[in-house]
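Peer 1: quick one, structure for this:
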Amino acid sequence: MQTIDKKKSTKKAWAKALAQPAKEFPPTQLQILSGKIPEGLRGTLYRNGPARLERGGVHVGHWFDGDGAILAVHFTDSGATGVYRYVQTAGYQEEEANGRLVYGNYGMTAPGPIWNQWLKPIKNAANTNVLALPDKLLALWEGGKPHSLDLQNLATLGEDDLGGLTVGMPYSAHYKRDPQTGEIFNFGITPGLNATLNIYRSNRTGKIVQKASHILEGVPLVHDFVFAGQYLIFCIPPVRLNLLPTAIGLSDFGHCLEWQSNKGTQILVVDRHTLQVVSQGEVEPWYQWHFANGYVDASGSVIVDMVRYPNFQTNQYLREVATGETHTLAVSTLWRMCLDPISVKVKAMAEIMDRHCEFPVVPPQHQGQTSRQTYLTLHRTGVDSRKEIFGAIARFDHKTDTLTVADSGENRYPSEPIYTPDSQNPEKGWVMTVVYDGNCDCSEVWVYDADRLDEEPACKLELPSVIPHSFHGTWKPQANA
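Peer 2: Predicted coordinates:
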């Protein structure tokens with residue numbers, strides 16, 4: 001008993017948000033805790049993340065395995081309304097009916113006899129990101145098709161092939177939207193002895209209008225890519241899947257992804273109009289989950305900003321998050337790469353911010369173009385990054401090389417910052433984050449003035465139940481706002 005109590009006492013406050021399955025709530029008017037809702041904030045904040053990490057007393061194997069649930073916060077002239085619902089995937093419904101885990105996933109094999117691994121596909125967790133289209137919301141997960149949801153009440157409408165996804169063609173969680181044309185670019189990896197990189201171009205409604213495919217070396221882990229003006233850039237780290245153990249059900253994907261330090265990071269430069277490879281090459285090794293932005297500068301070079309890791313230890317750290325206790329060191333910092341898109345020669349590669357950070361974003365109107373500001377999450381000063389998750393959001397100014405930090409306070413944990421343009425003033429913007437407060441075991445929505453992150457939030461809203469730490473979100477402006 002003492003040993004168990006001692007182990008429990010080592011858990012940090014953030015772990016409480018993941019300890020119990022999240023509770024859905026219907027459309028609910030949100031109470032304003034402080035400040036007021038800005039008049040130029042009209043539209044909907046959507047967030048997606050793993051909300052259930054346990055079923056029938058059995059825990060999932062990795063944070064990536066949790067069932068996805070969507071939070072929507074609708075801002076109107078009459079206030080803010082929140083709704084929170086699980087994505088009703090076929091796998092979620094089957095496990096809900098059985099009261100136990102049935103499927104394998106990224107970090108776990110299917111429970112039961114080994115033949116379950118051969119017969120059961122992995123579950124589409126629909127837990128990573130959201131794409132707001134004119135008539136529907138997509139819940140995204142990179143191993144399968146997206147699920148369509150109702151934009152208002154988040155009712156699940158079913159899997160969506162977007163008019164072009166065929167069997168074995170997944171749709172990644174990290175799309176890129178051109179703010180000038182409304183076109184949407186995305187990709188998906190089809191495993192095999194050598195994986196296939198599928199690239200998609202969609203119109204503003206989400207309908208796929210163009211596809212291309214390219215064969216890769218082995219089965220790499222590609223989570224994100226860069227939209228940089230006329231180019232799409234894929235940086236493929238030296239992580240490869242050991243295919244045999246996963247194919248015969250002896251192990252899961254997460255345990256079979258191997259960091260191959262003898263390889264470099266492969267770079268593919270793709271033309272955004274033809275979706276064909278312009279050039280490819282190999283450079284020094286690193287790993288990245290997320291890119292902040294990319295653009296073509298006046299000299300024709302491609303500038304890419306990313307959160308970069310020296311290796312793949314981040315996979316183990318994220319596995320530990322699901323247990324409520326972390327101890328692996330996996331430090332990432334903000335880097336800038338200057339690349340010749342024709343020769344694939346890296347002209348410069350430099351760390352531009354040395355604080356451990358993640359979830360970088362730029363204002364959506366600057367996607368694919370130069371952006372002075374990058375917003376991200378980072379650790380509070382003085383915490384042990386092996387044991388804590390991010391406790392602050394920040395804005396990095398590329399012109400002045402300055403960092404402005406919004407520290408959430410002790411035992412408070414913000415999500416990825418979402419930049420929201422002000423509907424009444426194009427020069428102004430807001431930054432929203434969902435904060436889990438471990439002091440009171442509750443969740444809130446905080447709205448900051450984008451230019452005053454180091455001041456108190458302009459508004460804080462109370463949510464009806466705890467929202468577990470989530471991955472990604474988006475903002476959909478109110479029509480005609």
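
Peer 1: okay, the closest residue in space to residue 190 that isn't next to it in sequence: pLDDT?
Peer 2: Spatial nearest neighbour of residue 190, chain neighbours left out: residue 196 (4.2 Å); criterion: CB to CB, 6 or more residues apart in numbering. (C-beta placed from N, C-alpha, C; glycine too.) Looking at residue 196, its pLDDT reads 97.

Peer 1: how many residues are close by residue 196?
Peer 2: Per other CB atoms under 10 Å, the neighbour tally for residue 196 reads 16.

Peer 1: wait, it touches residue 213, no?
Peer 2: Yes: if you go by CB atoms under 8 Å, residue 196 and residue 213 touch, sitting 5.2 Å apart.

Peer 1: residues in contact with the residue nearest to residue 190?
Peer 2: If you count contacts by CB atoms under 8 Å, 6 or more residues apart in numbering, residue 196 has them with 189-190, 213-216.

Peer 1: report the beta-bridge partners for it.
Peer 2: residue 190, residue 215 (DSSP bridges).

Peer 1: closest one of the contacts of residue 196 to residue 145?
Peer 2: residue 190 (12.5 Å; CB to CB).

Peer 1: so who does that closest one touch?
Peer 2: 168-170, 196, 198.

Peer 1: among those, which one has the most neighbours?
Peer 2: residue 198 leads those on contacts (other CB under 10 Å) with 23 neighbours.

Peer 1: got the contact list for that one?
Peer 2: 169-170, 187-190, 211-213.

Peer 1: rerun at 7 Å
Peer 2: Contact analysis of residue 198 by CB atoms under 7 Å, 6 or more residues apart in numbering lists 169, 187-188, 190, 211, 213.

Peer 1: which of the residues you listed fall in strands?
Peer 2: Counted as lying in strands by DSSP state E, out of these, are 187-188, 190, 211, 213.

Peer 1: farthest pair in those?
Peer 2: 190 and 211 (12.0 Å).

Peer 1: residue 185 falls within a strand, correct?
Peer 2: Yes: remark: residue 185 belongs to a strand, assigned using DSSP: H, G, I helix; E, B strand; the rest coil.

Peer 1: how about it, what does it touch?
Peer 2: 175-176, 200-201, 227, 232, 272.

Peer 1: would you format those residues as TSV with pLDDT included?
Peer 2: Shown next, in TSV, are the contacts of residue 185 (pLDDT from 0 to 100):
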residue	pLDDT
175	98
176	98
200	98
201	98
227	98
232	98
272	98
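
Peer 1: could I have stretch 232-251 exported to CSV, CA atoms only?
Peer 2: What follows is stretch 232-251, C-alpha atoms only, in CSV (Å, rounded to 0.1, in the frame of the first residue of the first chain):
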residue,chain,number,x,y,z
LEU,A,232,4.8,21.6,-50.7
ILE,A,233,7.8,20.4,-48.7
PHE,A,234,8.0,17.0,-47.0
CYS,A,235,10.8,16.4,-44.5
ILE,A,236,11.0,12.6,-43.9
PRO,A,237,13.0,11.8,-40.7
PRO,A,238,15.0,8.6,-40.3
VAL,A,239,12.2,6.8,-38.5
ARG,A,240,11.3,3.5,-40.2
LEU,A,241,8.6,0.9,-39.4
ASN,A,242,9.8,-2.6,-38.7
LEU,A,243,7.0,-4.1,-40.8
LEU,A,244,7.1,-7.8,-40.0
PRO,A,245,6.2,-7.7,-36.2
THR,A,246,3.3,-5.4,-36.9
ALA,A,247,2.1,-7.5,-39.9
ILE,A,248,1.9,-10.7,-37.9
GLY,A,249,0.5,-9.1,-34.8
LEU,A,250,3.5,-9.5,-32.5
SER,A,251,3.8,-5.8,-31.8
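
Peer 1: give the buried residues for that stretch.
Peer 2: 232-241, 243, 246, 249, 251 (16 or more other CB atoms under 10 Å).

Peer 1: which other residues reach it?
Peer 2: Under CB under 7 Å, 6+ apart, the answer for stretch 232-251 is 109, 114, 117-118, 185, 191, 199, 216, 218-222, 225-226, 252-253, 256-261, 263-270, 272, 285-288, 294, 302, 304, 312.

Peer 1: all helices of the stretch 101-250 of the chain, in order?
Peer 2: Using DSSP state H, counting those that start in this stretch, the helices of the stretch 101-250 of the chain run over 115-119, 243-247.

Peer 1: go through those helices and find the least confident stretch.
Peer 2: helix 115-119 (a mean of 58).

Peer 1: circling back: which of the ones in strands among the contacts of residue 198 count as buried?
Peer 2: Of the ones in strands among the contacts of residue 198, these count as buried by 16+ other CB under 10 Å: 187-188, 211.

Peer 1: how far off centre is stretch 146-159?
Peer 2: Distance of stretch 146-159 from the chain centroid (CA atoms, centre = their mean, to the nearest Å) equals 19 Å.

Peer 1: can you pull the contacts of residue 341?
Peer 2: Residue 341 neighbours (CB under 7 Å, 6+ apart): 231, 269, 278-279, 302.

Peer 1: 8 Å - rerun?
Peer 2: Contacts of residue 341 (CB under 8 Å, 6+ apart): 231, 233, 269, 278-279, 296, 300-302.

Peer 1: was I right about residue 331 contacting residue 309?
Peer 2: Yes: Residue 331 lies in contact with residue 309 (CB under 8 Å); the separation is 7.3 Å.

Peer 1: neighbour count winner among those two?
Peer 2: More crowded of residue 331 and residue 309, by other CB under 10 Å: residue 309, with 20 against 17.

Peer 1: of the contacts of residue 196, which is the nearest to residue 425?
Peer 2: For the contacts of residue 196, the nearest to residue 425 is residue 189 (41.0 Å; CB to CB).

Peer 1: identify the residues contacting that closest one.
Peer 2: 142, 170, 172, 195-198, 216, 219-220, 222.

Peer 1: dump these into JSON lines; add distance to residue 21 as well.
Peer 2: Output for the contacts of residue 189, formatted as JSON lines (distance: CB to CB, whole Å):
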{"residue": "142", "distance to residue 21": "23"}
{"residue": "170", "distance to residue 21": "26"}
{"residue": "172", "distance to residue 21": "26"}
{"residue": "195", "distance to residue 21": "33"}
{"residue": "196", "distance to residue 21": "36"}
{"residue": "197", "distance to residue 21": "35"}
{"residue": "198", "distance to residue 21": "34"}
{"residue": "216", "distance to residue 21": "37"}
{"residue": "219", "distance to residue 21": "32"}
{"residue": "220", "distance to residue 21": "33"}
{"residue": "222", "distance to residue 21": "30"}
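
Peer 1: in stretch 215-222, which residues are buried?
Peer 2: For stretch 215-222, by 16+ other CB under 10 Å, it's 216, 218-222.

Peer 1: could I get it in CSV with only the CA atoms?
Peer 2: The C-alpha coordinates for stretch 215-222 follow below in CSV (Å, rounded to 0.1, in the frame of the first residue of the first chain):
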residue,chain,number,x,y,z
ILE,A,215,6.9,5.7,-53.6
LEU,A,216,9.0,6.2,-50.5
GLU,A,217,11.9,4.3,-49.0
GLY,A,218,10.6,1.8,-46.4
VAL,A,219,7.7,2.9,-44.2
PRO,A,220,8.6,6.2,-42.6
LEU,A,221,6.6,8.3,-40.0
VAL,A,222,5.4,11.5,-41.7
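
Peer 1: okay then, goodbye and thanks.
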